[in-house]
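Novice: I would like to see how this sequence folds:
(2 chains)
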Amino acid sequence: MHVKRIIVSGFKALGSFEMELGENLNVIVGDNETGKTTVLEAVGLVLSGQMAGRSVLYDLDPYYFNTGMAVEYFTRLRRGENPPLPQILIEAYLDDNSTGELARLKGTNNTRGEDCPGLSMAIVLNQDLADDFKSYVSNVRNAELIPVEFFTVQWRSFAGNSVTARTLPFRATVIDTSLFRAYFGPNKYLAQIIAECLKDDKQRISLAAAYRQLKHAFMGEPGIKEINDYLMQKKGDITGKALTLSLDMSARSTWESSITAHLDDVPFSDVGKGEQSRVQMKLAIEAATASSVLLVEEPENHLSHSNMSRLIDEISRKAAGRQILITTHSSFVLNKLGLDRVKLLSTYRVLTLSALSSPTTDYFMKLPGYDTLRLLLSARTILVEGPSDELIVQRAYRATHGMLPLEDGVDVIAVGSLAFKRFLEIGAMLKLQMCVVTDNDGDVAALREKYKDYLGGQHPTITICFDEDENCTTLEPQLLKANSLATLNEVFGTTHATGKALLEYMKRNKTDCALKVLTTTEALSFPEYIRRAIQA
Amino acid sequence: MQYKPSKIIIAAAGSGKTTHLVTEVLSKPNAKVAVVTYTNNNYRVIHTTFAGINGVTPTRADVCTWFAFLLHECARPYQRSTYADHRIRAIAFPKGRSAPFAQYADTRRYYFANDDEVYADKLSRFVIDCEKHTGGLVTARLRALYDAVFIDELQDLAGYDLDLLEVFMRSGIAMQLVGDPRQSTYTTNQAAKNRRYRKMGLLEKVREWETAGLCKVEPQAKSFRCNQAICDFADRLWPGLPSTTSHNAEVTGHDGVFRVHTRHVHAYVKEFCPVVLRYDSRTETHGYRALNFGEAKGMTFKRVLVLPHGRMAKYLRTGNSDDVTGSLTKFYVAVTRARSSVAILCDGNCKAHCVEWEPSS
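Specialist: Numbers count the residues shown, from 1 in each chain, chains lettered A, B, ... in the order given. Down below sits the predicted model:
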């Protein structure tokens, strides 16, 4: 079973949202505030009816409603209009090779009218309270938050029938190493995962039964009997009835709240945070059967680089045959899991790289340290050949715009000329604003051939900047061409008599020179192709 | 497909229809099936029968009533193809025919009360419409969901229900239908459609299906409940059908069908403690607690005392089953509840085959 599409409206950051999902791994990246976490929450909510471990049926929160939607509703209300009622809709479309239990969820009751199995959760005005709601909103003139007391949750299959978590043939497991502790404390969360991890219902039931047995035995303990006998004598003093001590036998008091795991005899909560995260996550992966969806939030939290690497390997190995949605802020995680699995969330759209050529995917998988996220998330990227080019472009940018590129949302990345085309492939696919600053290496024709796919205006977001002058092959002669010998001698604190000598010096001390260019207060001129790059 | 082709069992009262159906379900341990019945009473009987044989009703068997089945698994999933204004919230049970003046073309008024309650007597037709408008998605979904659909108490279905069963069979859903037209005391709806197939006419319909190659028909003319004398008496009510063989040879000293004069009724009840069955609440019960014939359906008693109504009394006088037409099925149900003895309150002449009982002293 896997979710092939999710459609969300009115839920938290997701005003109107739609995302296609892959069968196995889905790596969701995006800047802060683009709704990565909300996507996981929405999937968890519609598949399990739960949010942060609590049933949404009993626990509605005004902040579930999209703020923009709420504000617009109340604004229009105040203007005397009758705006459409605020509502939340989450739909999960499941894959269609459905037999048996999944077929029960099949029907066309979804916004697309598509015949497929699926679940929908709608949070709408409770019709029984419609009149009360009307008088409430007309009285409360300065309301900003949706009064959730008047709302109700409709959790249904695409067949149009109500569903309950028990009747669904799959589960959604949420793993969030950073947040769950805050809600529940480690024991209960861990117990939940362990319970799911147990081999079958038989093991689960024997554990519960053994625990009940133990509680029962407690009552038979001579010490407890003595206490109860003592209390019996007090009958009449406190109450007319027999007062005895007993353990809570109700279903509420289960082993989950009392039994804890030990790692090498150390209680789980006392083990290092990193190990806790790793164990919880691995247990959860173990527990996720083929028919469940695993939702992983930022696995890089609390983990050292090497631990994370092991965990990621684990995740990608187990991804076969089950669906995993994973959010991350780490390029490392992204590159290791495969750029082609990425779902890039920006404020308005979801972008995917699934059509990326396999050499490019392999390239980034082999270089997991590469900062691909920087590339994906920047407003604009300038790609340069090496660290000295990077520093000079930064300086040129500041000279023109009065600030460093990063402060302007522009990222200058040194990637080496061989990798340019890998980055360009990504940029072209995602229509990223991207600019390449390259040396002509004395062969403009070869350069034109190399970038022929990008020079004819095929990709309007991409520009390739280089100089036509084959005598100035690299950045150093270009700098000399743009500035006088005296200016450069001044900047470097040198006294070279000829341009040739200065160039020799610059080539020997590339980074030093670049640093000096970056920090100098001298008014420098920059080559035309660099000026073009920073203007674009 | 484990269950092909569809099979219809026309059984006699006490032939163990429900037991047969439950055994059939349990015999194929991997099949996902729906077990559908008409009355709530029989819904409970099916669960009890499963419990009696298997401990519990297995999860893979969805036991549901006919209306729940139609609403949840047939109408709602593809309702939008026919009616998209509102989700069908519930079923409306009108008195008599629903919305008699609404035109079929006016979907909302023809099918729905209060916009979102579908009329019970038209629910099957609505499902047939959805099936048509979606090009067969309703039955495709059912085939994906179930290996077979069992329907108990077939005789209670009428009107468009029968058309829908035909649609199911034509689409290749493996059906197992069990019923006894002699016991058709309820019908799901009053729709004019298929009126001629009601009650005994159902047999005609079933034979049409068999001729069309949609199903095989198996008569089950045996009774595990009633002794031979009771079977014979009941068979005489339906002259056209194969005679029933009893598999109950128990001898109690008071076996068979008797008639009792009103003046002996207290003596009879005192001696044999029968369960008293009456036609309906208007029948004089001589002070005894009594069950209506219809309510007694599906139940078994050792002895019954039947309090006849006007037509039944006439049949006893004439011995001609045409005289009971209209309430024949109820009379048949009443008589066939007993394992050992049936006593019928009857004063005066009697041409029906029964022995007069008189107190010994």
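Novice: chain A contacts on the stretch 101-250 of chain B?
Specialist: The stretch 101-250 of chain B has residues B:134, B:137, B:141, B:144-145 near chain A, with proximity defined as C-beta under 8 Å from any C-beta of the partner chain. The way it works is simple: take the backbone N, C-alpha and C, and place the C-beta from them, glycine included.
Novice: for chain A, what's its nearest residue on the stretch 151-300 of chain B.
Specialist: residue B:173 (12.7 Å; C-beta to the nearest C-beta).
Novice: hmm, that residue is touching residue B:143, no?
Specialist: Yes - using C-beta atoms under 8 Å, residue B:173 is in contact with residue B:143, at 5.7 Å.
Novice: compare the two (neighbour count), which wins?
Specialist: For residue B:173 versus residue B:143, neighbours defined as other C-beta atoms under 10 Å in any protein chain shown are more numerous around residue B:173 (23 against 19).
Novice: where along the stretch 201-350 of chain B do the strands fall?
Specialist: Secondary structure of the stretch 201-350 of chain B by DSSP state E, counting those that start in this stretch: the strands cover B:215-220, B:222-223, B:245-246, B:256-260, B:275-278, B:290-292, B:301-307, B:338-345.
Novice: do stretch B:76-92 and chain A meet?
Specialist: Yes - counting by C-beta under 8 Å from any C-beta, chain A is contacted by stretch B:76-92 at B:76-81, B:87-88.
Novice: what two of these have the greatest distance between them?
Specialist: B:81 and B:87 (13.8 Å; C-beta to C-beta).
Novice: check which helix or strand covers residue A:118.
Specialist: strand A:116-125 (DSSP states H and E).
Novice: residues touching the nearest residue to residue A:534 once chain neighbours are set aside, list them.
Specialist: Using C-beta to C-beta, 6 or more residues apart in numbering or on different chains and skipping residues adjacent in sequence, the residue nearest residue A:534 is residue A:397, 4.7 Å away. Contact partners of residue A:397, counting by C-beta atoms under 8 Å, 6 or more residues apart in numbering or on different chains, are A:403-405, A:408, A:410, A:412, A:534.
Novice: buried ones among these?
Specialist: A:405, A:410, A:412, A:534 (16 or more other C-beta atoms under 10 Å in any protein chain shown).
Novice: for the second one, give me the backbone phi and psi.
Specialist: Backbone torsions of residue A:410, given as degrees, to the nearest 10, read phi -110, psi 130.
Novice: please report how far it lies from residue A:391.
Specialist: The spacing between residue A:410 and residue A:391, counted by C-beta to C-beta, to the nearest Å, is 15 Å.
Novice: what does the third one give?
Specialist: Here the distance between residue A:412 and residue A:391 works out to 9 Å (C-beta to C-beta).
Novice: the strands in the stretch 201-350 of chain A, which residues?
Specialist: Using DSSP E, counting those that start in this stretch, the strands found in the stretch 201-350 of chain A span residues A:262-263, A:266-267, A:292-297, A:323-327, A:342-345, A:350-352.
Novice: wait, which of these is closest to residue A:507?
Specialist: Evaluated over the strands of the stretch 201-350 of chain A, closeness to residue A:507 peaks at strand A:342-345, with 39.2 Å, by C-beta to C-beta.
Novice: so what strands line up beside the closest one?
Specialist: The pairing partners recorded for strand A:342-345 under DSSP bridges are strand A:25-30 (parallel), strand A:350-352 (antiparallel).
Novice: what pLDDT, on average, does the helix or strand following the first one get?
Specialist: So that's strand A:25-30. Per DSSP H and E, the first helix or strand lying C-terminal to strand A:25-30 is helix A:36-48. Regarding helix A:36-48, the rounded mean pLDDT is 92.
Novice: list only buried entries from the residues of stretch B:76-92 next to chain A.
Specialist: Buried members of those, counted by 16+ other C-beta under 10 Å: B:76-81, B:88.
Novice: and residue A:379, what does it touch?
Specialist: By C-beta under 8 Å, 6+ apart, the residues touching residue A:379 are A:409-410, A:433.
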